[in-house]
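[1] No sequence on hand, only this structure:
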DNA sequence: TTGCCTCGAGATCA
DNA sequence: CTCGAGGCAA
């Protein structure tokens, strides 16, 4: 490197550090120390210098936030530690119950506490993200996804000004995974929509969707134009540094690294403080520059968090205290009865569309006959609707005073609205069903949709509209008819040209190669979902055996009781069903012969296993299935009860943890050898 | 349940 | 340009 280049490199470093420091003051401390014009001048200076010395441009330079090329989306990333979701409470008493549970649980572990310290923060209404920094440099941004794996949105996350490309520290952690919420502040949302309206395009309906939509953009240049911000609130993984001991310290730690935290957070001495905090925030809600839908409380001491652990996908040490759902008044236009795949008749209210909680609601389910009677909803009624839980619209109550005279209570029909078969409600059941079976057009349609669905035979491109057409034209009565369709028949359908028809035939053909469990699930036997189908496939290996199995044999399969066994038996006792199944076989539907699994002496039986990193030979899903088929339990985090950890490529901190706890660690090859030896 | 983005392909118009 | 389908998030 020449002397002048060394000089330039130093100059670049000084400029970048200055800009990063100003970013910190501006975005994180919310306290700019220089005027904007001065900042812009520094940026310009950096840009000019970099333009003259392109070889010295690094990807974490403040000028490199926005990539210039659209990125092929959809690539999957695995979080080092799973991203949990939060339980909800809506009232004081529910919150007190939560606090009581926390104290009871801790007491049972020898920690008698009168008051639990919590950290309270507003619950932002945005999109959860997971960011990975290695040696202080942002290398990955991902959506929450199912909590274990999410989508790579690095290119878009980088464009958010409040996301530092590089952490503000001398000794950065080797690896850091941080959780935050990306949101669009109210003001930015309004301004953005204003601009969009001026150029005649469609505005976003609410800030949350605006944020979510922006993050899913392929072209980061578009995302960069959206006024997105972020607050960080938690650590998924911290390697190479000592982990903060409390949630409060965690927030301070993040803040010091240059990761912006919500300024409203506070430490609560006990649950009573939480209630006060809730009331304060509720009062302040409209003045906050962003939308929130409640507050979150987290047990402050990490040590206690660890003692409490998690149930299924929610930690027992944190809870969301939600604000009351917004309610709106509207009118019932109509009450329809939908017929589901199993014939279940569901009353659905068609509403005069209303804007509630950020979306336009025009349908609301009334669940079943009893619910319908209990709420006594009638056509023409004025009703209060809200979005319950998170998403599903609910009719809260009828304003009876506004009811017009002469309206009649709505009754469940006694004949199926689709096929006029009888509607029967079994003793002790909540749902009434059309007994028409596949005679019923609705059930036929639903059966075929189910058959084609992603987790069944996964016939891509065969969507609702297409199935509707196929069924109403009588081209398809049962799943096996799908495979008899001709190019000509398909291309005559609406919106189907020759090309689309060819594609559909192609996917139909491909979908014939499947697995036994998918096939069983696809049949839509009552009470046979994915996991039951898998259990059946693993234990009864062949279709012949399954069809011949009596109730007693079926009940020997784990997790299958008398009711499910009877359903399966009944399904195969119907000639019609057997004919469909045979027809499917004749069409060429096939699967690899499952290996008969004997759990008794397998080395994996009853073991608790954790996967980390990317397995090269198989997807995570397949690995999980294989393991559980061998009688193992696959879990996501390592504890003392973990028996072994299987390590793929780019493993996370789980390996360290496993070694520390003395848990057996296996490579992918060793894992493969073990599976083979199991049968 | 709704809203958003993306993709492929059919429909429409010049 | 518009629609259907798929996928995702809350």
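    Nice, I can see it. Small disclaimer: the values here were computed from a predicted structure and weren't measured. Numbers count the residues shown, from 1 in each chain, chains lettered A, B, ... in the order given.
[2] rest of the way, CA atoms for contacts and neighbours
    Fine.
[3] Can you tell me which residues in the stretch 201-350 of chain A are near DNA strand C?
    residue A:212 (CA under 7 Å from any atom of the strand).
[4] mind listing what the residue of the stretch 201-350 of chain A found nearest DNA strand C touches?
    Across the stretch 201-350 of chain A, no residue is closer to DNA strand C than residue A:212, which sits at 6.1 Å (CA to the nearest atom of the strand). When contacts are counted by CA atoms under 8 Å, 6 or more residues apart in numbering, residue A:212 touches A:126, A:127.
[5] Show me which residues of the host helix or strand of it are buried.
    In this structure, residue A:212 sits in helix A:207-215 according to DSSP states H and E. Using 16 or more other CA atoms under 10 Å as the test for burial, helix A:207-215 gives A:207, A:208, A:209, A:210, A:211, A:212, A:214, A:215.
[6] just stretch A:298-306 next, same as before
    Neighbour-count burial for stretch A:298-306 flags A:298, A:299, A:300, A:301, A:302, A:304, A:305 (criterion: 16+ other CA under 10 Å).
[7] Return the member of those residues nearest to DNA strand B.
    Within the buried residues of stretch A:298-306, proximity to DNA strand B (CA to the nearest atom of the strand) peaks at residue A:298, which comes in at 27.6 Å.
[8] what about the closest residue to the closest one other than its chain neighbours, how many residues close to it?
    Once flanking residues are discounted, residue A:298 sits nearest to residue A:318: 4.3 Å by CA to CA, 6 or more residues apart in numbering. By other CA atoms under 10 Å, 25 other residues sit near residue A:318.
[9] go on, residue A:173?
    20.
[10] Spit out the contact partners of it.
    A:134, A:135, A:136, A:238, A:239, A:240, A:241.
[11] let's see 6 Å
    Contact analysis of residue A:173 by CA atoms under 6 Å, 6 or more residues apart in numbering lists A:135, A:239, A:240, A:241.
[12] Assign the last one to helix, strand or coil.
    For residue A:241, the secondary-structure state derived from DSSP: H, G, I helix; E, B strand; the rest coil is coil.
[13] and it, how far is that from DNA strand B?
    As judged by CA to the nearest atom of the strand, to the nearest Å, residue A:241 and DNA strand B stand 37 Å apart.
[14] which residue packs closest to that residue, ignoring adjacent ones?
    Residue A:241 sits nearest to residue A:173 (CA to CA, 6+ apart), 5.7 Å away.
[15] What's the separation between that neighbour and residue A:254?
    Relative to residue A:254, residue A:173 is positioned 12 Å away (CA to CA, to the nearest Å).
[16] And stretch A:454-471, what's buried?
    For stretch A:454-471, by 16+ other CA under 10 Å, it's A:456, A:457, A:458, A:459, A:460, A:462, A:466, A:467, A:468, A:469, A:470, A:471.
[17] Likewise for stretch A:234-251?
    By 16+ other CA under 10 Å, the buried positions in stretch A:234-251 come out as A:234, A:235, A:236, A:237, A:238, A:239, A:244, A:246, A:247, A:248, A:250, A:251.
[18] how far does that stretch stretch from start to finish?
    Chord length of stretch A:234-251, first to last residue, is 7 Å (CA to CA).
[19] Can you give the contact residues for the stretch of helix or strand residue A:255 belongs to?
    Using DSSP H and E, residue A:255 maps to helix A:247-256. If you take CA under 6 Å, 6+ apart as the criterion, helix A:247-256 is touched by A:244, A:300.
[20] coming back round to it: following the helix holding residue A:212, which helix or strand shows up next?
    Using DSSP H and E, the helix or strand that follows helix A:207-215 in sequence is helix A:220-224.
[21] And the contacts of that following helix?
    A:155, A:156, A:159, A:214.
[22] Skip the chain neighbours and tell me the closest residue to the last one.
    What that stands for is residue A:214. In space, residue A:214 is closest to residue A:223, 5.3 Å off (CA to CA, 6+ apart).
[23] neighbours of the one you found, just the number please.
    Neighbours of residue A:223 under the rule other CA under 10 Å: 23.
[24] Would you mark the buried spots in the longest helix along chain A?
    Across chain A, the longest stretch assigned as helix under DSSP state H is helix A:3-23. By neighbour count on 16+ other CA under 10 Å, the buried set for helix A:3-23 is A:8, A:9, A:12, A:15, A:16, A:19, A:20, A:21, A:22, A:23.
[25] Over to stretch A:302-321?
    A:302, A:304, A:305, A:308, A:315, A:316, A:317, A:318, A:319, A:320, A:321.
[26] distance of the fifth one from residue A:305?
    Here residue A:315 is placed at a distance of 8 Å from residue A:305 (CA to CA).
[27] Near DNA strand B, which residues of chain A? Just list them.
    By CA under 7 Å from any atom of the strand, the residues of chain A that approach DNA strand B are A:72-73, A:203-206, A:209-210, A:212-214, A:216-219, A:359-365, A:391-393, A:494-501, A:503.
[28] any weak-confidence spans in the stretch 201-350 of chain A?
    Within the stretch 201-350 of chain A, no stretch has pLDDT under 70.
[29] same for the helix or strand where residue A:384 lies, what does it pack against?
    Using DSSP H and E, residue A:384 falls within strand A:382-387. When contacts are defined as 3 or more CA pairs under 6 Å, 6 or more residues apart in numbering; DSSP states H and E, strand A:382-387 packs onto strand A:327-339, strand A:393-398.
[30] re earlier: specify which member of the buried residues of helix A:3-23 is nearest to DNA strand C.
    The closest of the buried residues of helix A:3-23 to DNA strand C turns out to be residue A:23 (CA to the nearest atom of the strand; 25.7 Å).
[31] what does stretch A:119-131 rub up against?
    Residues outside stretch A:119-131 that contact it (CA under 6 Å, 6+ apart): A:140-144, A:177-183, A:208, A:265-268, A:291-298, A:300.
[32] Stretch A:572-586 too?
    residue A:480.
[33] ok, residue A:4 to residue A:53 distance?
    Relative to residue A:53, residue A:4 is positioned 11 Å away (criterion: CA to CA).
[34] Likewise for residue A:30?
    In terms of CA to CA, residue A:30 sits 33 Å off from residue A:53.
[35] Okay, and whatever residue of the stretch 301-450 of chain A ends up closest to DNA strand C sits in which element?
    For the stretch 301-450 of chain A and DNA strand C, the shortest gap (CA to the nearest atom of the strand) falls at residue A:391, measuring 5.1 Å. Assessed by DSSP H and E, residue A:391 sits outside every helix and strand.
[36] So for it, what pLDDT did the model give?
    With respect to pLDDT, residue A:391 scores 81.
[37] Then residue A:1?
    Per-residue confidence (pLDDT) for residue A:1: 55.
[38] Residue A:665 now?
    pLDDT for residue A:665: 72.
[39] go on, residue A:599?
    Value for residue A:599, per-residue pLDDT: 48.
[40] same question, the one 5 residues further on
    Among the per-residue scores, residue A:604 shows a pLDDT of 67.
[41] cool, residue A:657 as well?
    Here, the pLDDT recorded for residue A:657 equals 67.
[42] same thing with residue A:67?
    Reported pLDDT for residue A:67: 87.
[43] Can you report how many residues lie near it?
    Counted by other CA under 10 Å, the residues lying close to residue A:67 total 17.
[44] which of the buried residues of helix A:207-215 lies closest to residue A:230?
    Minimum distance to residue A:230 across the buried residues of helix A:207-215 is 10.3 Å, recorded for residue A:211 (CA to CA).
[45] With residue A:177 as the reference, measure out to the closest one.
    Residue A:211 is 21 Å from residue A:177, by CA to CA.
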